[in-house]
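*Asks:* Give the three-dimensional model of this entry:
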Amino acid sequence: MGDAGVGGGTPTDVWFGRSHTCASMSDKTVACWGSNSNGQLGTGDTVDHATPVRVQGSPTSPTVALGQFHTCAVDGAGKVWCWGANTRGQLGDGTRNEQHAPKLVTGLPPARKIQAGKEHTCAEMADGTVQLLGIERRRRARRRHVDGQPGAQQGDERHSA
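*Replies:* The predicted structure is shown next:
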């Protein structure tokens, strides 16, 4: 992959989504390429890129997770950033508006890990709790009810597990 076409860094980790790919770079930024139909590359637009491009305002020292059409990252300070499709609240910003550049997810304690699914995101917090963002929260609430456990809290698509 060489310098991945984005200047001063080489890939250190690579993540694969349905139609896009992202890499953490040695200069502690993120580069992505592939389909950008919902802004999942984080370039500020919806233009597809066949070669890696730097994510706009890239989180530093990130761990990245790719969903179907969204991307999230935990930066070196434990802050969660998300961008792309938001049809089920998977970006954790309390809206259903897609974001074409990284947006800080506010109101979360420091995170240490992040995972993304088709239309949801899960962040493991530094204290060991898990925050669920998006469609998975509702599914989990239904499973808990069926299992005889208390249901999920009402509110936005964020839920502590």
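
*Asks:* Give the residue spans of the protein that score low on pLDDT.
*Replies:* 1-8, 136-161 (pLDDT under 70).

*Asks:* In it, what residue spans correspond to strands?
*Replies:* Ranges of strands in the chain, per DSSP state E, are 11-16, 20-25, 30-34, 49-54, 63-66, 70-74, 80-84, 99-104, 111-116, 120-125, 130-134, 158-160.

*Asks:* For the fourth one, name the packing helices and strands.
*Replies:* In terms of contacts (3 or more CB pairs under 8 Å, 6 or more residues apart in numbering; DSSP states H and E), strand 49-54 is packed against strand 30-34. C-beta coordinates here come from the backbone N, C-alpha and C atoms, glycine included.

*Asks:* orientation of the strand it packs on relative to strand 11-16 in degrees?
*Replies:* 40 degrees (axes from the mean of the first three to the mean of the last three CA atoms, to 10 degrees).

*Asks:* ok, how many other residues are close to Thr106?
*Replies:* Neighbourhood size, Thr106 [other CB atoms under 10 Å]: 10.

*Asks:* what about the closest residue to it other than its chain neighbours, distance to Ala101?
*Replies:* Computed as CB to CB, 6 or more residues apart in numbering, the closest residue to Thr106 that is not its neighbour in sequence is Asp93, at 7.7 Å. Here Asp93 is placed at a distance of 12 Å from Ala101 (CB to CB, to the nearest Å).

*Asks:* out of those two, which sits in the busier spot?
*Replies:* Between Asp93 and Ala101, counted using other CB under 10 Å, the more crowded position is Asp93 (21 against 17).

*Asks:* close enough to count as contact, the more buried one and Leu108?
*Replies:* No - look at Asp93 against Leu108 with CB atoms under 8 Å: they stay out of range, at 11.0 Å.
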